[in-house]
Every structure is written in C-alpha cells, then in structure tokens.
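Chemist: starting from these lines, generate the structure:
(one chain, ligands or ions: 1)
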Amino acid sequence: MKIISVVGARPNFMKIAPFIKAINDYNRTDHGEIHHILVHTGQHYDDRMSKSFFESLEIPEADINLGIGSGSHAEQVGKTMIAFEQVLIKEKPDWVVVVGDVNATLACSVTAKKEHIKVAHIEAGLRSGDISMPEEINRLVTDRLSDLLLTPDLISNQNLLAEGVDSGKVEFVGNIMIDTLESNRNKATELNIRDIIANNLVKANHVPQMDIQDYAVITMHRPSNVDQRKILEPIIRFLVSTVASERLLLWPIHPRTYKQLVAFDLLDMIEEHPNIVLLQPLGYHDMLRINMDAKIMLTDSGGLQEECCVLGTPCLTLRWNTERPVTLQEHGGASVLVGNDIDKIKHAYQQLLSVDRVPSRPQLWDGKTAERIVDAIVKRCNL
Ligand code: UD1
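Modeler: Predicted structure coming up:
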C-alpha cells in the first residue's frame with residue numbers, strides 16, 4: 001500500500017511525527033509493507049517555523065517539498081493544488097493522509113479526491129461553528145470529502161453524524177498531539193527555562209531581571225486578533241498594564257503578529273517593557289517546557305489549548321469560540337473562552353490566577369492514537 005501524507009504549517013508537524021513512527025513500527029511487523037511518502041507544501045518555511053520541528057521531533061526530511069511559501073489563501077491553496085496534482089499523477093498513492101485544518105489540508109484533500117484517491121483526515125470533526133475562520137472552512141471541506149474521518153474526541157463524532165456523515169467512515173482514535181506530548185515530556189522536563197529564554201531572545205540584551213518562578217505565557221497569531229489595530233492594541237495595553245505589572249510575561253511571537261506590531265507601531269511599547277520578554281517562535285520542547293511551569297497561558301492556538309488541558313495549565317483562550325470544547329473548564333479541561341473583550345479578559349485572568357494546576361485527560365488522549373490510525377487505514381485497505 002502506498003500512502004502520501006501531507007504537512008504544510010507548524011501545527012501539522014507534531015501531528016505527523018507519531019504517524020510516521022507508527023508506520024515504521026507497522027513495517028517492522030510481518031503484516032506487510034506500507035510505502036510512505038511525506039510531502040511538505042512549504043506554507044511554513046522558516047527554520048524556526050518548520051525545520052526545527054523536523055529535527056527535534058525526528059521527522060524524516062520531506063520526500064517532496066512543494067515550496068509554496070506565503071501568499072493569500074487563494075494563492076496558497078491554488079499553488080498547492082497545482083503542484084500536488086503532479087505529485088499524485090506521478091506517485092499514484094492508495095491514500096492521501098491530511099492532518100488538522102491548515103490551507104495544505106484543504107488543498108491536498110480536494111486535489112486527491114479529484115484524482116479519485118482516498119483521503120484520510122486526522123483530527124476530523126472539530127467544529128468552531130464560526131465560518132469566518134479560514135480553518136473552519138478548511139475543516140468543513142476536508143471532512144465532507146474524506147473517506148476516513150479520524151476523530152480526536154466524541155464531540156467530533158457527534159458533529160460529523162449531525163452533518164449526515166456515514167458513521168462507517170468515522171473512527172474515534174483520540175488526539176495524536178498527545179502522542180507527541182507524551183513521547184517528548186521527559187526530554188522537555190530536563191530543559192532549563194533560563195536557558196530557553198537566553199537562547200531565543202528577539203532582542204539579545206533583553207534578559208529579564210524578574211523572578212522566573214512566576215510567569216505568564218502568551219501566544220497569538222489568528223487574523224481575528226492581530227490583523228486589526230482596534231482589536232490588537234487593547235490586548236497589548238492589557239498585557240502591559242495588568243499582566244506584566246505583576247509577573248514576567250514570556251511571548252514567543254509568531255511572524256504574522258510581529259509584522260502587525262511593527263505595522264501598528266506597537267512594538268516599542270512591548271520591547272521597552274522590562275517584564276515582557278519577546279522570544280522567537282520556540283521549538284517544540286522549549287514550548288512544552290515553558291508551558292509546564294507557567295502560572296497561566298493566554299493563547300489563541302488550538303494546539304496549546306489541548307496541551308494546557310493535559311498539563312493542567314490554566315488557559316485563557318483569546319477566542320469567542322473553540323473547535324475543541326473538550327478542553328474547556330466545563331468539560332473538565334483548563335481553558336476559558338474570553339474572546340477579545342478586555343473586561344472579560346481581565347475578569348477571567350484574575351479568576352484563573354486562583355485556579356490550581358489540574359491535569360485532565362479526555363478519553364483516548366493516551367499517547368497511542370497513531371497506532372490506532374495506522375490500524376484503521378490498514379483495516380480499510382483489507383476490506
Ligand atoms: C497558519 C494556519 C493556522 C495555524 C498557524 C500556526 C492556515 C489557514 N492557517 O496560519 O491554522 O494555526 O499557521 O502557525 O493554514 N511566515 C513567516 N515564516 C514562516 C511562515 C509564515 O514569516 O515560516 C509569515 C508569512 O509570510 C505570513 C504570516 O507569517 O505573512 C502568516 O503565515 P500564513 O502561512 O499565512 O498563516 P499563519 O497565520 O501562520
């Protein structure tokens with residue numbers, strides 16, 4: 001059997017690493033041979049957004065890199081489809097496996113179906129209900145086309161069934177991100193937070209003077225938070241006046257957000273603050289390490305919400321909705337939705353500071369999801 005799996009952007013890399021390992025484990029048994037080809041669309045291309053994850057998570061170099069790079073959504077999707085079609089014509093795989101909800105996920109699932117190739121979607125069934133999010137459009141289209149929908153939680157199964165998806169195509173396998181977290185937890189634990197800061201400073205001389213026992217972490221990159229000044233500026237003012245007045249704030253900054261801070265003339269306010277430490281985008285283990293001891297996480301990332309859930313880090317989610325409700329406090333998780341309303345953010349921030357770290361583990365977030373995914377694909381091949 002020949003499988004092409006596709007990655008494009010940072011959150012894909014930690015999802016594909018355990019899948020490739022599970023294929024290699026399967027190939028060491030005497031059941032048969034899976035010929036696996038890894039395609040990187042090249043949507044994320046910086047060393048820090050891409051290469052460092054391949055190295056640290058021991059992902060083999062991509063067999064094919066489509067070199068798509070930056071651009072509007074239509075440009076990224078269009079260029080990926082054109083290049084990926086050629087790959088499919090040449091390689092003729094039995095399955096294309098896509099992960100998550102980025103532009104590569106959408107582009108490659110559509111192209112594969114038009115070439116009559118079966119598609120498996122890892123992380124199927126997540127729904128925010130917010131069609132203005134580019135990722136929600138990517139999820140809806142990918143799931144509508146997929147032949148095998150591999151879900152991370154049972155809420156996702158319900159979402160798919162409510163949309164009329166044939167239950168025979170849906171397989172509840174758990175969360176593959178947690179496979180990566182569990183297999184890298186020990187390595188991350190050994191890292192020293194002071195070294196992580198020193199090695200990743202955006203401004204080399206901005207070494208924090210404050211206590212690093214008590215610190216908050218923020219990550220933000222969604223267009224809905226960073227692309228408009230009227231939304232971004234009040235968030236920045238809240239970080240400066242409230243969060244950083246009480247404790248150190250570590251901020252691994254996404255390239256999109258950095259560009260916007262420069263464009264809106266907001267960067268100085270942050271760079272000049274003694275308690276805000278701007279860091280380059282962090283590698284997987286560094287990010288996991290600073291999450292493990294953070295007093296509080298502020299984020300608009302879906303993956304971090306999940307990691308906070310399993311680590312128990314109180315998590316202020318800077319979004320109005322989430323496709324990952326299983327991570328919310330009301331479902332036993334660590335996360336609270338606050339959108340970008342500053343009063344709401346302030347209130348929830350104070351409330352979360354008094355919450356203890358309580359790790360929670362949704363069903364099948366057990367580190368064995370990748371094995372179940374390979375079994376599910378193999379089973380369908382043998383039907
Ligand atoms: C993408 C994903 C999003 C994911 C996020 C994680 C889509 C629709 N969005 O958003 O789901 O949560 O990645 O990071 O696929 N850039 C660099 N270097 C890089 C990559 C990007 O400088 O290696 C710059 C680009 O030039 C662009 C900006 O960062 O200006 C945003 O990149 P883009 O690929 O458009 O999407 P993300 O916002 O990263």
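Chemist: residue 284 versus residue 275, what's the distance?
Modeler: Per CB to CB, to the nearest Å, residue 275 is found 26 Å from residue 284. In this view, the C-beta of every residue, glycine as well, is placed from N, C-alpha and C.
Chemist: next one, pLDDT for the closest residue to residue 63 other than its chain neighbours please.
Modeler: Counting by CB to CB, 6 or more residues apart in numbering, residue 37 is the residue found nearest to residue 63 once chain neighbours are left out, at 4.8 Å. Looking at residue 37, its pLDDT stands at 98.
Chemist: can you list the low-confidence ranges for the stretch 251-383 of the chain?
Modeler: Applying pLDDT under 70 to the stretch 251-383 of the chain flags the ranges 382-383.
Chemist: so which bits of it are right by the ligand?
Modeler: Neighbours of the ligand within the stretch 251-383 of the chain, by CB under 6 Å from any ligand atom: 254-256, 259.
Chemist: measure residue 144 to residue 119 for me?
Modeler: Between residue 144 and residue 119 the computed distance is 10 Å (CB to CB).
Chemist: could you do residue 17 as well?
Modeler: 20 Å.
Chemist: also residue 198?
Modeler: 44 Å.
Chemist: more crowded one of these two?
Modeler: A side-by-side neighbour count of residue 198 and residue 119, using other CB atoms under 10 Å, places residue 119 first with 23 against 12.
Chemist: which element is the more buried one on?
Modeler: strand 118-122 (DSSP states H and E).
Chemist: list the helices and strands that strand packs on?
Modeler: Counting contacts by 3 or more CB pairs under 8 Å, 6 or more residues apart in numbering; DSSP states H and E, strand 118-122 is packed against strand 95-99, helix 103-114, helix 134-145, strand 148-151, helix 369-381.
Chemist: can I get the ones you listed in TSV with distance to residue 213 and mean neighbour count?
Modeler: Output for those, formatted as TSV (distance: least, CB to CB, whole Å; neighbours: other CB atoms under 10 Å):
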stretch	distance to residue 213	mean neighbour count
strand 95-99	36	27
helix 103-114	39	25
helix 134-145	35	19
strand 148-151	39	25
helix 369-381	34	19
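Chemist: and the pLDDT for residue 30?
Modeler: Reported pLDDT for residue 30: 85.
Chemist: extract the CA atoms of the strand holding residue 119 and return them as CSV.
Modeler: Coordinates of each C-alpha in strand 118-122 appear next as CSV, following Å, rounded to 0.1, in the frame of the first residue of the first chain:
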residue,chain,number,x,y,z
LYS,A,118,-8.9,8.0,-1.0
VAL,A,119,-8.4,10.6,1.8
ALA,A,120,-8.0,10.1,5.5
HIS,A,121,-8.3,13.1,7.7
ILE,A,122,-6.5,13.1,11.1
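Chemist: relative to strand 95-99, how tilted is that strand?
Modeler: Angle of strand 118-122 versus strand 95-99, following axes from the mean of the first three to the mean of the last three CA atoms, to 10 degrees, is 20 degrees.
Chemist: per-residue confidence averaged over strand 118-122?
Modeler: Per-residue scores along strand 118-122 average to 98.
Chemist: and the contacts of that strand?
Modeler: Strand 118-122 is contacted from outside by 15, 19, 94-100, 105, 109, 112-113, 142-143, 145-150, 173, 176, 373, 376-377, 380, using CB atoms under 8 Å, 6 or more residues apart in numbering.
Chemist: kindly report the same for stretch 135-146.
Modeler: Contacts for stretch 135-146 (CB under 8 Å, 6+ apart): 98, 101-103, 105-106, 109-110, 113, 119-121, 124-131, 149, 160, 163, 165, 169, 302, 323.
Chemist: could you do stretch 294-304 as well?
Modeler: By CB under 8 Å, 6+ apart, the list of residues contacting stretch 294-304 from outside reads 11, 14, 126, 135, 177, 214-222, 224-225, 243, 247, 250, 291, 305, 308, 313-319, 322-324, 349, 352-353.
Chemist: from what I see, residue 9 and residue 104 are in contact.
Modeler: Yes. With contact defined as CB atoms under 8 Å, residue 9 reaches residue 104; the gap is 6.6 Å.
Chemist: mutual contacts of the two, please.
Modeler: residue 43.
Chemist: about what we covered before: rebuild the helices and strands packed on strand 118-122 as a markdown table, extending it with distance to residue 50.
Modeler: Output for those, formatted as a markdown table (distance: least, CB to CB, whole Å):
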| stretch | distance to residue 50 |
| --- | --- |
| strand 95-99 | 15 |
| helix 103-114 | 12 |
| helix 134-145 | 19 |
| strand 148-151 | 24 |
| helix 369-381 | 21 |
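Chemist: need the phi and psi values for residue 132.
Modeler: For residue 132, the backbone dihedrals (degrees, to the nearest 10) come out as phi -80, psi -10.
Chemist: residues touching the closest residue to it other than its chain neighbours, list them.
Modeler: Take residue 132 and drop its neighbours on the chain: the residue closest to it by CB to CB, 6+ apart is residue 224, 7.5 Å away. By CB under 8 Å, 6+ apart, the contact set of residue 224 is 132-133, 231, 300, 319, 340.
Chemist: before we move on, back to that, the residue nearest to residue 63 touches residue 60, doesn't it?
Modeler: No. At 10.5 Å, residue 37 and residue 60 do not qualify as touching, with contact defined as CB under 8 Å.
Chemist: more crowded one of these two?
Modeler: Higher neighbour count among residue 37 and residue 60: residue 37, with 16 against 11, using other CB under 10 Å.
Chemist: Three-state assignment for that one, please.
Modeler: strand (DSSP: H, G, I helix; E, B strand; the rest coil).
Chemist: measure it to the ligand for me?
Modeler: Look at residue 37 and the ligand: by CB to the nearest ligand atom, to the nearest Å, they are 21 Å apart.
Chemist: quick one, what contacts that residue?
Modeler: Contacts of residue 37 (CB under 8 Å, 6+ apart): 2-5, 63-64, 91, 93.
Chemist: weed out the non-buried ones from those.
Modeler: Buried by 16 or more other CB atoms under 10 Å: 3-5, 64, 91, 93, out of the contacts of residue 37.
Chemist: okay then, goodbye and thanks.
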